[in-house]
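K.L.:
return a 3D structure for these sequence lines:
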Amino acid sequence: RVTQTAAYTAPDVSVEPRAATVRQGESASFRCQVQRGAQPIQLVWKKANNQALPDNVKTGPDGSVLTVANAGPENQGQYRCVASNSVGRGSASAVLNIKHAPQVRLTPVGPLRVRMGEPVSVECRATGRPRPTLSWKRQGSTLQLVTKETNDVNTIQVKYEHMRPEDSGVYICQAENNEGVAKVKVEVIVVGQPGAPVASVEATEMTVVEGHTITMACQASGSPPPVITWSKLRAPLPWKHSMVGGVLTLTSVGRQDSGQYICNATNIHGYSEAYTQMEVESPPYATCLPDQVRLQPGDALHVQCLSHGSHPLQFEWSRGERVSLPPGAETTKDGRLRIAHVKLSDSGTYKCVATNHIGSSEALAKVIIKRELVFGLRQFKTSVKITALTRCSLFNLLMFYLLSFCFFLQLNPTSGCLGLLPSTQVNS
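P.N.:
Presented below is the predicted three-dimensional model:
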């Protein structure tokens, strides 16, 4: 069994002291000692996360001693001694704490001009070691102001929801620890005199296309700042609406949303209104009445093209895909198609295109023209004179019609039809 000796091992190091605390401006040193390991051993000091050493941090000739001169807040943190040889590496760490008086920063910086009735807030953030305590005071007063907590333990916030003229003044944030005290001032100036609101809108008239989303913006002056609301004249607001900061948003507007919208600004001194007239325009939507019609040659054709949509509307008729209308066809501006006497060749599909300045829409009407056989006395031609018919009795006239009907159907008069008649001769 072979026992490993120091001549064949990676470095093993330690750092003394493991932690040190100095005041700002003082110096601090750490020594890295090699406990064992194969020679030669190289020592290198590094800051946490392998950051470069600050300019005021130096190492000795052999790299074992780290010295921080005139220490400042930027020197605080962990330092690591890394030892390496041909076998491997080893490391040890030390922590340097810097005591320093607080440093304070305000957000936003002053002076701050705030309109009467408006909110204001100022954050005070402090650094220092030990961690400083923070407070807000108003200049000339020893009372601490009520502050609002934040997610950062090193930050406090003073906030007023509605500033008044008497809230004008200088506010002081103070940070204190064992190393000292730091103060930062901010001046807050409340401007504006009490007054009734005056409302105004960006657009008094607007025209939009159906289906679009639109916004209406309203501003209002006044002190205290007025509350802004929106309403619609003689109707509730569309259900697809939202209001944020005086801006009304309408989603997917329709023609029913046309009308006058009212911006109302109100405070304790009065109210004011401003108006926006909105018109919603829509593209055409065409339909034919009737959309299918059956006629016989010689009949009159009447088809009406109707369309919803913003006016003015224009109608254009064609036969099929941009085929001209047959001779004798007439159209009117209000979308009517008329053919006084149709022919068999007029059968087909007729197309109406309705157009306005937004778009177009088409509708189809199917026209069927067919010669149909109609039974009746008018279609039956006979050489029998009317004078002869008038001499027949009512019974004989009835028999005459029945015989004529059978003959027209090319049936055997002696079978079928005559079998239905009484066994009586027809007298002329």
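
K.L.:
surely residue 20 and residue 30 touch.
P.N.:
Yes - counting by CB atoms under 8 Å, residue 20 sits close enough to residue 30 to count as a contact (7.2 Å). C-betas here are computed from N, CA, C, even on glycine.

K.L.:
so between these two, which is more surrounded?
P.N.:
Ranked by neighbour count (other CB atoms under 10 Å), residue 20 and residue 30 place residue 30 first, with 24 against 18.

K.L.:
ok, what's across the strand from the more buried one?
P.N.:
Listed by DSSP bridges, the beta-bridge partners for residue 30 are residue 66.

K.L.:
pLDDT score assigned to it?
P.N.:
Residue 30 is assigned a predicted lDDT (pLDDT) of 95.

K.L.:
OK, contacts around it?
P.N.:
15-17, 20, 65-66, 79, 81, 94, 96 (CB atoms under 8 Å, 6 or more residues apart in numbering).

K.L.:
any regions of the stretch 101-250 of the chain where pLDDT drops low?
P.N.:
Of all residues in the stretch 101-250 of the chain, none has pLDDT under 70.

K.L.:
can you show me the strands along it?
P.N.:
Remark: strands assigned in the stretch 101-250 of the chain by DSSP state E, counting those that start in this stretch are 112-115, 120-129, 133-138, 148-149, 155-160, 169-177, 180-191, 195-201, 205-209, 214-223, 227-232, 241-244, 247-250.

K.L.:
skipping its backbone neighbours, what lies nearest residue 272 in space?
P.N.:
Nearest residue to residue 272, sequence neighbours excluded (CB to CB, 6 or more residues apart in numbering): residue 199, at 4.2 Å.

K.L.:
is the one you found in contact with residue 266, as I believe?
P.N.:
No - applying CB under 8 Å as the test, residue 199 and residue 266 come out as separate, 9.3 Å apart.

K.L.:
what helix or strand is residue 32 on?
P.N.:
Residue 32 belongs to strand 28-36 when elements are defined using DSSP states H and E.

K.L.:
alpha carbons only: can I get that strand in PDB?
P.N.:
Below are the C-alpha coordinates for strand 28-36, written out as PDB (Å, rounded to 0.1, in the frame of the first residue of the first chain):
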ATOM      1  CA  ALA A  28      -6.900  45.800   5.600                       C
ATOM      2  CA  SER A  29      -4.700  42.700   4.800                       C
ATOM      3  CA  PHE A  30      -5.200  39.000   4.200                       C
ATOM      4  CA  ARG A  31      -2.500  36.300   4.100                       C
ATOM      5  CA  CYS A  32      -2.900  33.100   2.000                       C
ATOM      6  CA  GLN A  33      -0.900  30.200   3.600                       C
ATOM      7  CA  VAL A  34      -0.100  27.000   1.800                       C
ATOM      8  CA  GLN A  35      -0.600  24.000   4.000                       C
ATOM      9  CA  ARG A  36       0.700  21.400   1.600                       C
END
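
K.L.:
what sits against the residue nearest to residue 272?
P.N.:
Listed by CB under 8 Å, 6+ apart, the contact set of residue 199 reads 218-220, 226, 228, 263-265, 272-274.

K.L.:
okay, and the common contacts of residue 20 and residue 30?
P.N.:
With CB under 8 Å, 6+ apart as the test, residue 20 and residue 30 both reach 94, 96.

K.L.:
follow-up on the earlier one: can you list residues touching both of residue 199 and residue 266?
P.N.:
residue 226.

K.L.:
from residue 338, how far out is residue 286?
P.N.:
Residue 286 sits 18 Å away from residue 338, going by CB to CB, to the nearest Å.

K.L.:
who has more neighbours out of the two?
P.N.:
More crowded of residue 286 and residue 338, by other CB under 10 Å: residue 286, with 22 against 14.

K.L.:
pLDDT wise, what is that one at?
P.N.:
Predicted confidence (pLDDT) for residue 286: 95.

K.L.:
what residues are bridge-paired with it?
P.N.:
Taking DSSP bridges as the rule, residue 286 bridges to residue 307.

K.L.:
test my guess that it contacts residue 351.
P.N.:
No - counting by CB under 8 Å, residue 286 stays clear of residue 351, with 9.5 Å between them.

K.L.:
anything in contact with each of the two?
P.N.:
Jointly contacting residue 286 and residue 351 under the rule CB under 8 Å, 6+ apart are 362-363.
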